[in-house]
Every structure is written in structure tokens, then in C-alpha cells.
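> Pasting the sequence and the predicted model now:
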Amino acid sequence: MTDGGEVKTVSGRGIEAAASDVDARVENKISALAPEQLEIVRRGAEIIKSGGLVAFPTETVYGLGANALDAEAVRRIYETKGRPSDNPLILHVSSIEMTEGLVELNWRARMLMEKFWPGPLSIVLPAKEVIPSRTRGGLPTAAVRMPDAAVALALIKFSNLPIAAPSANISGRPSPTDAETVRRDVGDKIPLVIDGGETRFGVESTVIDMTGEHAVLLRPGGLAKEEIEAELGEEVLLPQDQTIIKRSPGTRYRHYAPNVTLILAAPDEIPADAENWAWMGISEPAGNPAKKIKFRDDAEYARELFRAMRALEKSGVSAIYAEIPEERGIGRALKDRLVRAAGG
């Protein structure tokens, strides 16, 4: 089976059946929303359709959303965040059918969608002309994903539009994982923040490039590289040059940074003369930190990372020492965010 030929099956099943399964998962999540939640989401959908911005929860972080097909609405995202205009946005969809109108699909990408959507997986594919250049940062490709959060799925479905949405914070700051953080960062600049509680993963989606013969990991995230490899039956490669990395958001600029110095270290590497410092990690540090946040495991470390950064920067410490996780599972995404927050 080749990408250029007619695809008859996905994982041994019909494409229509696979897409139907995904649609059913979406409907089940949306139907679980309470009437008052649906009312707020419908109001958000009207704002999206009229060219406005809405902040909303996903399973990863909160997103700042606009109609992905409206270049002027997308411009407002960049302006509100202070985001560089060449940093592409992820398009959030509520069905595989919607995805087909935006990008050129291949059978391997469909297979991942069937398995992992809704979920924290963004897939980069050749973009169709319907997507404005501004939305994709001037690139010929676009990243698409289906969020695993009822509010997000309902917002997309009720607006009947793909929603372009980076994280709902000022560019470069730690991503927001609760509505109050969104309100503090951008709440006075947008008409609606939909409160869906704290997010489940705490780090953004995994971004995989599927435009070539092999899958390439552009950004580690909420879905582990190992899980994708198990589904594809092949290794997910790491990018070899900056050209392909640019197809993913969150890979070219300093991101996720607190307002105090962040230093990556092992628990026994804290300088003896360090003063007024904080520690966060899963291990007990050497020395006597002024503040300390310990996590049970890498999953909790990732989920609470951005919230911990914001809390520690307000505590009055001069520096934050952060434990470096192992590069496996969610630890790979966690390390990526820590490295970028520390300035590379």
C-alpha cells in the first residue's frame, strides 16, 4: 500500500468504520457536558464564528482559539500573545472529515488518528490552500489534532470550524493549565475564558511529521514516542535539521520560562554557595532550599510543571533548580519543556 494509491483499509479495518469510531468517541464526550456548560460553549462558538478569540481547556493546556480559516482572526491570536508571526499554529478539529478538508492525508496518518484521536497528538501534513498562510506560519504544511476534552470538542463542533489555538498565555511564559492563569495573562484582552478546571496532562501535544516516508518527532508531548512506534511498527525518527523542526510550534524560541532563573541539575549538583533557591523534582535535593516542590513521579512533574514554575517565581526566590528527568515516556516531553524554559 502506498500513499499515492487508493487506501482501502486502516489497521485492517475500513476507513469509514474507523472514522465512525472516532466520531462516536467525540459525541460521547460532548454529550457528557451539563446544560449550563453547553450554553457557555455555544456562546464561545458564536464568538469564534464572528472572528473573535476564546480561551478554552484541552487535555494538555488551555488554548487561545480563533477561526483557523480567518486570517484576520488568526492575526489577533499573534497580537494578543505577542507571538512571532512565523511560529505556526495547530488546527484543532472535531472529526476526521473536517481534517480531510484541511490537509492531504495518507494511510499512516489515518492509522494514528484512528488509534490516538481524540488525544494529545498533532500530525503535520501538507496543507491545502484553504488554510491561510498566516495560520501555518508561511509554511506549506499544517499541524492538526483532535483534543480529548469535551469542552474543546463541543466548541469546534458548534462553530463548525477548525480552531487555531496556541497556548492561552503571553508568548514565552509557562503555559496555562487552569482558567485563572489564563485570566491573569490574557483575560483582559479577549471576550471569553471557558473554565474547564485543571488540565490532565499539563504539557502540550506531541507533534509528529508524517509528510515523508518515516514519521519524525518534532516536539515530544503528552503522547509518548514509544506508543506511536508501537502502533506504526517502526521507529519514530528525530529531526536532523532546523527546516523540518520549523513545522512545529514551540520549537524555535525560548518558551515556558518563569521570571526567575531556571537551572537544570541533578539533586546532588546544587552549588554549596547557592542562596535563596528553590527546588522542584521527584528526588530530595542536597542542601537547604528556601522553597521545595516534590512530585510523586514524572507524570505529576509534567502535569504540575508550569503551575509550579509560576508559584515559585512568586515566592521571592532568586533561582529555581529543576531535576532533569530521564528521556522516556512523558519524561521526554518534560525534559524538552525544562530545557526550553532554561533557555536551551
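Yep, that arrived.

> domains in the protein, as residue ranges please.
Annotated domains of the chain cover 9-245, 261-341 [automatic domain parsing].

> I'd like the distance between the residue sitting nearest the centre point of the chain and Glu198.
The residue lying closest to the centre of the chain (CA atoms, centre = their mean) is Glu204, at 2.8 Å. Glu204 sits 15 Å away from Glu198, going by CB to CB, to the nearest Å. All C-beta spots, glycine's among them, are computed from the backbone N, C-alpha and C.

> Show me the shaky parts of the chain.
1-16, 250-254 (pLDDT under 70).

> Do you have the helices of the protein handy? List them.
According to DSSP state H, the chain carries its helices in the segments 15-31, 35-49, 71-81, 96-100, 107-116, 150-159, 179-186, 225-232, 242-245, 298-313, 330-341.

> winner for burial among the ones you listed?
helix 150-159 (a mean of 24; mean count of other CB atoms under 10 Å).

> want to throw the domains of the chain into a markdown table with distance to His255?
Shown next, in a markdown table, are these (distance: least, CB to CB, whole Å):
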| stretch | distance to His255 |
| --- | --- |
| domain 9-245 | 6 |
| domain 261-341 | 5 |
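
> Make a markdown table out of the helices of the chain and add distance to Asn169.
Output for those, formatted as a markdown table (distance: least, CB to CB, whole Å):
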| stretch | distance to Asn169 |
| --- | --- |
| helix 15-31 | 25 |
| helix 35-49 | 18 |
| helix 71-81 | 7 |
| helix 96-100 | 26 |
| helix 107-116 | 25 |
| helix 150-159 | 17 |
| helix 179-186 | 5 |
| helix 225-232 | 26 |
| helix 242-245 | 22 |
| helix 298-313 | 9 |
| helix 330-341 | 13 |
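
> Which one of these lies nearest to Arg134?
Closest to Arg134 of the helices of the chain is helix 71-81 (CB to CB; 4.7 Å).

> Just name whatever secondary elements that closest one is in contact with.
strand 62-67 (3 or more CB pairs under 8 Å, 6 or more residues apart in numbering; DSSP states H and E).

> so what's Pro88 up against?
By CB atoms under 8 Å, 6 or more residues apart in numbering, Pro88 lies in contact with Thr135, Arg136, Gly137, Leu139, Thr141, Ala142, Ala143, Lys246, Arg247, Ser248, Pro249.

> ok, the closest residue to it other than its chain neighbours - contacts?
In this structure, Pro88 finds its nearest non-sequential neighbour in Gly137, 3.4 Å apart by CB to CB, 6 or more residues apart in numbering. Residues in contact with Gly137 (CB under 8 Å, 6+ apart) are Ser85, Asp86, Asn87, Pro88, Leu89, Lys246, Pro249.

> Can you tell me how far Gly137 is from Ala164?
Taking CB to CB, one finds Gly137 at 11 Å from Ala164.

> which residues do these two both contact?
By CB under 8 Å, 6+ apart, the residues touching both Gly137 and Ala164 are Leu89.

> And the strands in the stretch 101-250 of the chain?
121-126, 141-145, 163-164, 192-193, 206-209, 216-219 (DSSP state E, counting those that start in this stretch).

> Contacts for stretch 294-308, please.
Contacts for stretch 294-308 (CB under 8 Å, 6+ apart): 61, 174-178, 181, 199-203, 256, 279-284, 293, 323, 325-326, 329-331, 333-334, 337-338.

> filter those to the buried ones?
61, 174-178, 181, 199-203, 256, 279-281, 293, 323, 325, 329-331, 333-334, 337-338 (16 or more other CB atoms under 10 Å).

> what about Ile123, neighbour count?
29 (other CB atoms under 10 Å).

> same deal with Asn276?
Considering only other CB under 10 Å, Asn276 is surrounded by 13 other residues.

> ok, back up a step: weed out the non-buried ones from the contacts of Gly137.
Applying 16+ other CB under 10 Å to the contacts of Gly137 flags Asn87, Pro88, Leu89, Lys246, Pro249 as buried.

> and these, which two are the farthest apart?
Within the buried ones among the contacts of Gly137 (distances taken as CB to CB), the two that end up farthest apart are Leu89 and Lys246, at 13.2 Å.

> quick one: contacts for Leu238?
Contacts of Leu238 by CB under 8 Å, 6+ apart are Val216, Leu217.

> do that again at 7 Å, thanks
Leu217 (CB atoms under 7 Å, 6 or more residues apart in numbering).
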